[in-house]
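K.L.:
sequence first, then the predicted structure:
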Amino acid sequence: MRNLPTVTKNLLIVNLLAFLAMLVLKTQGIDLNNLLGLHFFKASDFHIYQFFTYMFMHANWTHIFFNMFALWMFGCVVENTWGSRRFLFYYICCGVGAGLAQEVAQYVQYSLEHLSEYDSVATQLGNIPMADYLNLWYTVGASGAVYGILLAFGLTFPEERIFIFPLPVPIKAKWLVCIYAAIEIFSIVNQTNDQVAHLAHLGGMLFGFLIIRYWERHPESYYGGRLKGEEFFESLKRNWETRKGKRAPEEPASASSVKRETDWQYNERKQKNQEEIDRILDKIRKSGYDSLTKEEKKYLFDQSNS
């Protein structure tokens, strides 16, 4: 645990503690999943904070084991690549996005079944008032956020080969993402009714995809490769603050040194550097960090520490 990156380690701990608390309180007649799980927005038990709390609750040991295993397997790599703050932001956004997707799925079901026209619903346990029936619609689990992390790993290291049971041969990360997405789509289309929020899983991947695409279109806010994300971000921030005063980092703060480079020369040099960084980052996103040449790796490293 000491070698795990900060956010991944804390997410594992919080999820496990929340699950153990759920088990303990359940013996006292308190259903923590019902309190903190994400309810249908038309239900009386719905609260806005449930968009955040639901992703830390789990139904059973199998549920939490597979989610935490995937978080550990892929989260460590993604966090070490992006840095802790960006990784946490991405994780939470994917979780909230998955919750929004699940709310849309439930609303579609609510509309198609015309539930607003009934006062009660007939079940195997008898007639249940509509208000109580809607409160039974709630979602728990970190799966949506974890699917977003899986997508991030696949897009960042598309050519990385992974062993996945029960496949006898390793599979590239980009194909693994496609397979998981196809399984979720197949389950939705065929209405497997397995009590799994498949649309929430796709929602987590969709929001993750949109976030990553936004970072690609705004490379000044994106950093890739295997450089420490926090260090890379801080170095770019320091570089920007220094250049904002039109003073090169390595030059002393004197009037004579500032005059050595005209505004036109400075802007031209800055544009060329940014274009080269954009090209290298785009290459990382398409083919992974290992596809870079030695010179490209050195250039990216020098720019991150300039």
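P.N.:
Cool, got the structure.
K.L.:
and Leu202, what's its pLDDT?
P.N.:
Looking at Leu202, its pLDDT stands at 89.
K.L.:
contacts only, for the nearest residue to Ala145 once chain neighbours are set aside.
P.N.:
Counting by C-beta to C-beta, 6 or more residues apart in numbering, Ala145 lies nearest to Gly95, which is 3.7 Å off, once chain neighbours are set aside. To be clear about C-beta, it is placed using only N, CA and C from the backbone, and glycine gets the same treatment. Going by C-beta atoms under 8 Å, 6 or more residues apart in numbering, Gly95 touches Phe51, Phe52, Tyr54, Met55, Ala142, Gly144, Ala145, Gly148, Gly204.
K.L.:
show me what contacts the most centrally placed residue in the chain?
P.N.:
Closest residue to the average C-alpha location of the chain: Tyr91 at 3.5 Å, with C-alpha atoms, centre = their mean. Contact partners of Tyr91, counting by C-beta under 8 Å, 6+ apart, are Val7, Leu11, Gly75, Ala145, Gly148, Ile149.
K.L.:
cutoff 10 Å now
P.N.:
7-8, 11, 55, 71, 75, 78-79, 142, 145-146, 148-149, 152, 204, 208 (C-beta atoms under 10 Å, 6 or more residues apart in numbering).
K.L.:
go on, Thr8?
P.N.:
Thr8 neighbours (C-beta under 10 Å, 6+ apart): 68, 71-72, 74-80, 84, 87-88, 91, 149.
K.L.:
among the contacts of Tyr91, which are in helices?
P.N.:
Of these, the ones assigned to helices by DSSP state H are 7-8, 11, 71, 75, 78-79, 145-146, 148-149, 152, 204, 208.
K.L.:
now Ser120: phi and psi?
P.N.:
Note on Ser120: backbone dihedrals following degrees, to the nearest 10 are phi -150, psi 170.
K.L.:
next up, the contacts around the nearest residue to Leu71 once chain neighbours are set aside.
P.N.:
Nearest non-adjacent residue to Leu71, counting by C-beta to C-beta, 6+ apart: Val146, 5.4 Å away. Residues near Val146 by C-beta under 10 Å, 6+ apart: 11, 55, 66-71, 73-75, 91, 94-95, 98, 201, 204.
K.L.:
out of those, which end up buried?
P.N.:
Among the contacts of Val146, those buried by neighbour count (16 or more other C-beta atoms under 10 Å) are 11, 55, 67-68, 70-71, 74-75, 91, 94-95, 98, 201, 204.
K.L.:
widest-spaced pair of the residues you listed?
P.N.:
Leu11 and His201 (17.6 Å; C-beta to C-beta).
K.L.:
now the element after the worst-scoring helix or strand of the chain on mean pLDDT, going C-ward?
P.N.:
Within the chain, no helix or strand scores below helix 255-258, which has a mean of 43 by mean pLDDT, DSSP states H and E. Using DSSP states H and E, the helix or strand that follows helix 255-258 towards the C-terminus is helix 263-287.
K.L.:
having no further points to raise, I will conclude here.
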